[in-house]
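Peer 1: fold the following and give me the result.
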Amino acid sequence: MPELPAFDFPQDLRDAQIALLEARVAYEQYATTLPWSAEPMPGWESDRQLHSNYQSGKPDSPGYSDEQAAKVAEFQARLLELSMTVSTHPYWSTLSEDVVAARMALKRAHEPTEE
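Peer 2: As a prediction, the model looks like this:
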């Protein structure tokens, strides 16, 4: 992986980026426990694929319960809040160039550096 330039990110921006990453991971883990459809939907089964025994399909989905829908809305609100905090942070206006490189570096700023 190419070396990214070093940036002096303020701690509150680093903290917001880490919180965003953690919230996204928690949401994705929670989403794996949910029915495949938010609304009740009938299941389906496709025809067998040509030159394969694979046949895709889904069972009936009961849809999300009220608690599940509320939890998803809570995750989405938190992800939006953190995304806005990171993307509108005053630090970005201090950069005249390399903004894209800085945003990419921020996403990896929590990772240990190789020395």
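Peer 1: name the SS class of the one residue sitting closest to the centre of the chain, please.
Peer 2: Taking Cα atoms, centre = their mean, the centroid of the chain lies closest to Arg24, which sits 4.0 Å from it. Of the three states, Arg24 takes helix under DSSP: H, G, I helix; E, B strand; the rest coil.
Peer 1: try the one 4 residues further on
Peer 2: Judged by three-state DSSP, the three-state class of Glu28 is helix.
Peer 1: name the element the residue at the greatest distance from the centre of the chain belongs to?
Peer 2: Here the chain reaches farthest from its C-alpha mean at His51, the gap being 35.7 Å by Cα atoms, centre = their mean. Using DSSP states H and E, no element contains His51; it sits outside every helix and strand.
Peer 1: what are the ranges of the helices in this protein?
Peer 2: Taking DSSP state H as the test, the helices found in the chain are 11-31, 66-87, 99-108.
Peer 1: could you export the ones you listed as a markdown table, including mean pLDDT and distance to Glu45?
Peer 2: Heads up, the C-betas are built off the backbone N, CA and C, glycines and all. Below are those laid out as a markdown table (pLDDT from 0 to 100; distance: least, Cβ to Cβ, whole Å):
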| stretch | mean pLDDT | distance to Glu45 |
| --- | --- | --- |
| helix 11-31 | 97 | 23 |
| helix 66-87 | 98 | 25 |
| helix 99-108 | 93 | 40 |
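Peer 1: any idea how far the closest residue to Thr85 other than its chain neighbours is from Ala70?
Peer 2: Nearest residue to Thr85 in three dimensions, chain neighbours excluded: Ala16, at 4.6 Å (Cβ to Cβ, 6 or more residues apart in numbering). From Ala16 across to Ala70, the span is 24 Å (Cβ to Cβ, to the nearest Å).
Peer 1: tell me which of the two has more neighbours.
Peer 2: Under the criterion of other Cβ atoms under 10 Å, the comparison of Ala16 against Ala70 puts Ala16 first, with 21 against 11.
Peer 1: ok, the more buried one touching Ser87?
Peer 2: No. In this structure Ala16 lies outside contact range of Ser87 using Cβ atoms under 8 Å: 9.7 Å.
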